[in-house]
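In: this is the structure alone, sequence omitted:
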């Protein structure tokens, strides 16, 4: 194999990381490039940036935190191996229980430390060098997630308009994915009625490639945006593994992937958060929503997400007497509000017409604010001005 095998070793103990690396190096020799991580958060960031082939994780650091354990075990396109030391197990926990817990979390194999050369060779032969080695290469694009901790904060409005603005204003290709597992709405905001989408892409499994996924998508000729629709079935069998496979494929195809997220904190949404380069967290200047967002930010901090990963966006803001002040929102959250999108009644008209407002009314305060938000996300790349495109109310309820 020409490419070096990338190995991510996760443990808070530097000595243990070195010992694990030494054991693996005996078998992999010059074919391996080792990357060390001292925490779950660091491992997830390095995992996204380096696309490791193999992840070796010290289970002692994550055994009591089932959610972190699952997130590590499900790093996209990586073979994951848990490593445990008998002396670090709980007093009432057997080695068999430790192994079972790790396997249930998604680790493909579990090894006892100190590692024997024979065990390491057997694992690598079985899961790494047997033709199941995943391709790991640098990604073409960035993934941005649009989330809100409550419904009705305008998440889909922002996702659709942001993706449309970038598609129309950048030289590179952009796609929008509605990752909602039930009742996705982005199709209606765009005026589309796709017959396939995310569910079919997930079901393709190992057959999924750029050609197949393109055949499941719809291209908006008005802006050049590519769109992958959410499933219409409320019982659609979507899981975090399939979602990761689809998003990583899209990341290699498009310069920007915008994901319309969903409410909740589970393995599916955490996988999406882990894959995103940045996440726009939307809220309104309403006390219940502010409190819920503050709680969510605390949960994400407990899960060791970096604060700079999240860009708080105050949406539908209207400066009237009795409304919570912009600065007060940031103080209540304990996190700066980094973008503001004003209330715009013409958004409702645009939704009914199935024409994103940034196309039909590119000079509204909302459209200008979206352009500023887009520029924050993508950095120095120039976003070209969008020419106004009229939309007729030619459809009602998909007709």
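Out: Structure's in. What do you need? Quick caveat, the model's predicted, so the values are computed rather than measured.
In: going forward, measure contacts between C-alpha atoms and count neighbours the same way
Out: Will do.
In: pull the contacting residues for residue 116.
Out: For residue 116, the contact set (CA atoms under 8 Å, 6 or more residues apart in numbering) comprises residue 23.
In: for it, report the pLDDT, please.
Out: On the pLDDT scale, residue 116 is placed at 86.
In: then residue 147?
Out: So, for residue 147, pLDDT stands at 94.
In: check residue 291 too.
Out: 92.
In: and it, what helix or strand is that in?
Out: In this structure, residue 291 sits in helix 287-302 according to DSSP states H and E.
In: in the stretch 201-350 of the chain, what residue spans correspond to strands?
Out: For the stretch 201-350 of the chain, the strands defined by DSSP state E, counting those that start in this stretch cover 218-220, 225-228, 256-260, 278-283, 310-317, 337-342.
In: just put the ones you listed in CSV and tack on distance to residue 271.
Out: What follows is the strands of the stretch 201-350 of the chain, written out as CSV (distance: least, CA to CA, whole Å):
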stretch, distance to residue 271
strand 218-220, 25
strand 225-228, 18
strand 256-260, 12
strand 278-283, 13
strand 310-317, 15
strand 337-342, 24
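In: contacting residues for residue 258?
Out: 143, 144, 145, 146, 159, 162, 163, 174, 175, 176, 177.
In: restricted to helices, list those residues.
Out: Among the contacts of residue 258, the residues falling in helices (DSSP state H) are 159, 162, 163.
In: top of these by number of neighbours, please.
Out: residue 163 (29 neighbours; other CA atoms under 10 Å).
In: so what's the residue nearest the centre of the chain up against?
Out: Closest residue to the average C-alpha location of the chain: residue 272 at 2.7 Å, with CA atoms, centre = their mean. Residue 272 sits next to 145, 240, 243, 244, 261 when contact means CA under 8 Å, 6+ apart.
In: swap in 7 Å and give it another go.
Out: Counting by CA atoms under 7 Å, 6 or more residues apart in numbering, residue 272 touches no other residue.
In: any idea how far it is from residue 380?
Out: 25 Å (CA to CA, to the nearest Å).
In: where are the low-confidence patches of the protein?
Out: Residues of the chain meeting the criterion pLDDT under 70: 1-3, 30, 63-67, 74, 76-77, 126-139, 321-322, 389-399.
In: so what are the structural domains in it, by residue number?
Out: 5-128, 142-378 (automatic domain parsing).
In: turn the ones you listed into JSON lines, including distance to residue 387.
Out: Converted to JSON lines, the domains of the chain look like this (distance: least, CA to CA, whole Å):
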{"stretch": "domain 5-128", "distance to residue 387": "36"}
{"stretch": "domain 142-378", "distance to residue 387": "7"}
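In: now for the ones you listed, which one comes closest to residue 388?
Out: domain 142-378 (5.3 Å; CA to CA).
In: what about the closest one, how long is it end to end?
Out: 9 Å.
In: ok, now stretch 318-332?
Out: From its first residue to its last, stretch 318-332 covers 18 Å (CA to CA).
In: buried stuff in that stretch?
Out: By neighbour count, with 16 or more other CA atoms under 10 Å as the criterion, the buried positions of stretch 318-332 are 318, 324, 326, 329, 330.
In: can you check stretch 149-161 too?
Out: 149, 150, 153, 154, 155, 156, 157, 158, 159, 160, 161.
In: as TSV, these with distance to residue 88 would be great.
Out: TSV is the format used below for the buried residues of stretch 149-161 (distance: CA to CA, whole Å):
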residue	distance to residue 88
149	37
150	40
153	45
154	47
155	44
156	46
157	49
158	47
159	46
160	49
161	51
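In: rewinding a little: show me which pair in the buried residues of stretch 318-332 is furthest apart.
Out: The most widely separated members of those, counting by CA to CA, are 318 and 330 (15.7 Å).
In: tell me who's in contact with residue 186.
Out: Taking CA under 7 Å, 6+ apart, we find residue 186 in contact with 156, 160, 178.
In: any idea how far the second one is from residue 145?
Out: Translated: residue 160. Residue 160 is 12 Å from residue 145, by CA to CA.
In: what's the answer for the first one, then?
Out: From residue 156 over to residue 145 the distance is 11 Å, taken as CA to CA.
In: residue 88: neighbour count?
Out: 11.
In: so the residue lying closest to it once chain neighbours are set aside: helix, strand or coil?
Out: In this structure, residue 88 finds its nearest non-sequential neighbour in residue 60, 6.4 Å apart by CA to CA, 6 or more residues apart in numbering. Three-state call for residue 60 (DSSP: H, G, I helix; E, B strand; the rest coil): helix.
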